[in-house]
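# predicted model, plus sequence, below.
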Amino acid sequence: MIRRFMHRRPHLTPRQCLFALLTCGWAAAIAWGSLTPADTLPRDLPWDKLNHFIAYGGLAIGLGLSGCRRGTALIAAVAFGAAIEFLQIPVPGRHGGDPADLLANGLGALSGILLGLGVAAFRERHPQRHRQ
């Protein structure tokens, strides 16, 4: 059974490996920024929900470019966001488990997936513009 599953899964291309490494770095940056006590972060950051939206949109895009299926990328980004929100609970100055943050994370991830779908559809319609 395991062999059959592994046999079906193609190997990652060098481009996908690069995006996987970059996405791991992106996820680490999200975790660091989210789990750092609030008093040690800069005070002049833009609107908190926009930060969440952009961070998780980028995470979903990175997962998609790494070779994850779109549904898997969406679920992984949302699950990562939920885990981070609940890990924030004991962090000083943080409001872990905030439903508005969870919503911004999910909407950002969904927007990242939809953006990826739009780019893929555009590239299919206009292949000559993107081939070398």
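Yep, it's here.

# any idea how far the residue minimising distance to the centre of the chain lies from residue 81?
By CA atoms, centre = their mean, the chain has its centre lying nearest to residue 59, at 1.6 Å. Remark: distance between residue 59 and residue 81 (CB to CB, to the nearest Å) = 8 Å. (Glycine included, C-beta is placed from N, CA and C.)

# now the residue nearest to the centre of the chain. Nearest residue, chain neighbours left out?
Leaving aside its sequence neighbours, residue 59 sits nearest to residue 77 (CB to CB, 6 or more residues apart in numbering; 4.7 Å).

# name the helices or strands packed onto the helix or strand encompassing the one you found?
Element membership of residue 77 [criterion: DSSP states H and E] is helix 70-87. On a contact count with 3 or more CB pairs under 8 Å, 6 or more residues apart in numbering; DSSP states H and E, helix 70-87 meets helix 14-35, helix 48-65, helix 99-125.

# pLDDT (mean, whole number) over it?
Per-residue pLDDT over helix 70-87 has a mean of 95.

# burial measure for the residue nearest to residue 59, as a count.
Neighbours of residue 77 under the rule other CB atoms under 10 Å: 31.

# same deal with the one 3 residues further on?
In terms of burial, residue 80 registers 19 neighbours under the definition other CB under 10 Å.
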